[in-house]
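Asker: fold the following and give me the result.
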Amino acid sequence: MSGSDKLFAGSIPELYDTYLVPLIFQAYASDLAPRVAQAAPAQVLETAAGTGVLTRALAPLLRADARYTVTDLNQPMLDRAAARQGSDQRIIWQQADALHLPFSDDSFDAVCCQFGAMFFPDRVAGYREAIRVLKPDGVFAFSVWDHIKHNEFARVVTDVASAMFPEDPPLFLARTPHGYHDVTKIGADVRQAGFSNVEIITIEQRSVAPRARDPAIAYCEGTPLRNEIEQRAPNQLQTVTDRAADAIAATYGQGPVSAKIQAHVIMARA
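Answerer: Predicted structure coming up:
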């Protein structure tokens, strides 16, 4: 994973939240939140929260006396999440690295992480941190994207960007968000960290946008793919976005567009 793969700063948080969240994250947040809330946890930790789409889905489902600690490695993303959430005295916002959590052992009834594990430089270490801070029989719930071939808009954008820079293709989407998809490997990593009860569910959803340009902006300008493009050609970001929009429109139409997305949801207990 490139160092720029984890850089969500500048205008990326706003574009990510405006375009990418409704495009691909909202549907999975609506699915994961009730899975976490089902156990009525009193102490909840969320890691790699991004701009807070899961936080907004989960907080209303938690009990009135719950304490919900929401963390992310990138302070700009966390700032955006806090601004979107509104007042909720149960929520604590804290910058934190999921691989080095600043919390005591046995602190939480549930740990959740939506689409963050793919960015962990050492995933087993991240899962060990989750089990360390979980109370006995606590729930660890997280999600990761399936292979990019099952996530159609991301694949189209990657193909367009690669065609523009064939000698050094910007492969952020294939390499990182969609690079940790093998369920056998995922299950083995979670068990290696100390979890013995592991369930993996593969869920297909639809990615829907009002126009073809929205997915192009979402991926080209609202993710670290933008960093890769600008490193190769500082003045070509708009051109890549335009060509990606044209390619999406050619396949899915000029008006409202819809394409397949697919992810794995992992539920684990010690």
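
Asker: ok, which stretches of this structure are strands?
Answerer: Under the criterion DSSP state E, strands of the chain are mapped to 43-46, 67-72, 91-95, 108-114, 134-145, 197-209, 257-269.

Asker: chain center to stretch 124-137, what's the gap?
Answerer: Offset of stretch 124-137 from its chain centre (CA atoms, centre = their mean, to the nearest Å): 19 Å.

Asker: in this structure, what helix or strand scores lowest on average pLDDT?
Answerer: Using mean pLDDT, DSSP states H and E, the weakest-scoring helix or strand in the chain turns out to be helix 12-15, at a mean of 82.

Asker: list the buried residues for it?
Answerer: By 16 or more other CB atoms under 10 Å, the buried positions in helix 12-15 come out as 12-13, 15. Quick note: C-beta positions are derived from backbone N, CA and C, even for glycine.

Asker: which one of those sits closest to Thr55?
Answerer: Nearest to Thr55 among the buried residues of helix 12-15 is Pro13, at 14.2 Å by CB to CB.

Asker: where is the longest helix in this protein?
Answerer: Ordering each helix of the chain by length in residues (DSSP state H) puts helix 237-252 first.

Asker: quick one, what contacts Ala244?
Answerer: Residues near Ala244 by CB atoms under 8 Å, 6 or more residues apart in numbering: 156-157, 160-161, 215-216, 219-220.

Asker: same thing with His100?
Answerer: Glu129.

Asker: tell me what it is bridged to.
Answerer: According to DSSP bridges, the partner residues bridging His100 are Asp97.

Asker: and stretch 33-48, C-alpha only, in PDB?
Answerer: The C-alpha coordinates for stretch 33-48 follow below in PDB (Å, rounded to 0.1, in the frame of the first residue of the first chain):
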ATOM      1  CA  ALA A  33     -25.700  -0.700  12.200                       C
ATOM      2  CA  PRO A  34     -28.500  -3.100  13.300                       C
ATOM      3  CA  ARG A  35     -26.000  -6.000  13.500                       C
ATOM      4  CA  VAL A  36     -23.900  -4.100  16.000                       C
ATOM      5  CA  ALA A  37     -26.900  -2.700  17.900                       C
ATOM      6  CA  GLN A  38     -28.600  -6.100  18.300                       C
ATOM      7  CA  ALA A  39     -26.500  -7.000  21.400                       C
ATOM      8  CA  ALA A  40     -27.500  -3.700  23.000                       C
ATOM      9  CA  PRO A  41     -23.900  -2.700  23.800                       C
ATOM     10  CA  ALA A  42     -23.300  -0.100  26.500                       C
ATOM     11  CA  GLN A  43     -19.800   0.800  25.400                       C
ATOM     12  CA  VAL A  44     -19.100   1.000  21.600                       C
ATOM     13  CA  LEU A  45     -15.900   1.800  19.800                       C
ATOM     14  CA  GLU A  46     -15.800   2.600  16.100                       C
ATOM     15  CA  THR A  47     -12.500   2.700  14.300                       C
ATOM     16  CA  ALA A  48     -11.700   4.200  10.900                       C
END
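
Asker: so which bits of it are buried?
Answerer: Buried residues in stretch 33-48, counted by 16+ other CB under 10 Å: 33, 35-37, 41, 43-48.

Asker: which pair of the contacts of Ala244 spans the longest distance?
Answerer: Taking CB to CB, no two of the contacts of Ala244 sit farther apart than Ala161 and Pro215, at 13.1 Å.

Asker: make TSV out of the strands of the chain and add mean pLDDT and distance to Val240.
Answerer: Shown next, in TSV, are these (pLDDT from 0 to 100; distance: least, CB to CB, whole Å):
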stretch	mean pLDDT	distance to Val240
strand 43-46	98	32
strand 67-72	98	27
strand 91-95	98	31
strand 108-114	98	27
strand 134-145	97	21
strand 197-209	97	18
strand 257-269	98	18
